[in-house]
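Q: coords please:
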Amino acid sequence: QVQLEESGGGVVQAGGSLRVSCAASGRPFSGLAMGWFRQAPGKEREFVASISRGGDTTYYAASVEGRFTISRNNPKNALYLQMNSLKPEDTAVYSCAAKIASLPLLAPTTPASYTYWGQGTQVTVSS
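A: Numbering: from 1, shown residues only. Just a heads-up that it's a prediction; the model follows:
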């Protein structure tokens, strides 16, 4: 079992920055591929970014490419999402997800690929 807990959400003005974090426990963090997803009210959950277990591979949704950066600190069992140049359309609940990764460069981009999920943290961008 893997437990995930997000933190760092809040309210920020458009154009501002925010960093959300995800703390993992229960299994060796260096064996997990990780992803960030978000869900806005009335919308489907959507992929934001993902990172392989060693951090060598990252993927981003087109809507956040160049503005968001996913990173991880394996000794600290922590995942991060740095969000810059935030827009009102980035408002959503942001959740981290984990998958036990058999391959070192695996970084899935679909929700169905992940086994473990956090509860999420609200990010609100005001215009």
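
Q: can you give me the strands for the chain?
A: With DSSP state E, the ranges of strands along the chain come out as 3-7, 10-13, 18-25, 32-39, 46-51, 58-60, 68-73, 78-83, 92-100, 116-117, 121-126.

Q: Can you tell me which of those is most buried?
A: strand 32-39 (a mean of 25; mean count of other C-beta atoms under 10 Å). C-betas here are computed from N, CA, C, even on glycine.

Q: What helices and strands are in contact with it?
A: Counting contacts by 3 or more C-beta pairs under 8 Å, 6 or more residues apart in numbering; DSSP states H and E, strand 32-39 packs against strand 18-25, strand 46-51, strand 68-73, strand 78-83, strand 92-100.

Q: And the fourth one, how far out from the chain middle?
A: When C-alpha coordinates are averaged (C-alpha atoms, centre = their mean, to the nearest Å), strand 78-83 and its chain have centres 6 Å apart.

Q: what is the rounded mean pLDDT of it?
A: For strand 78-83, mean pLDDT rounds to 98.

Q: I am finished for the moment; much appreciated.
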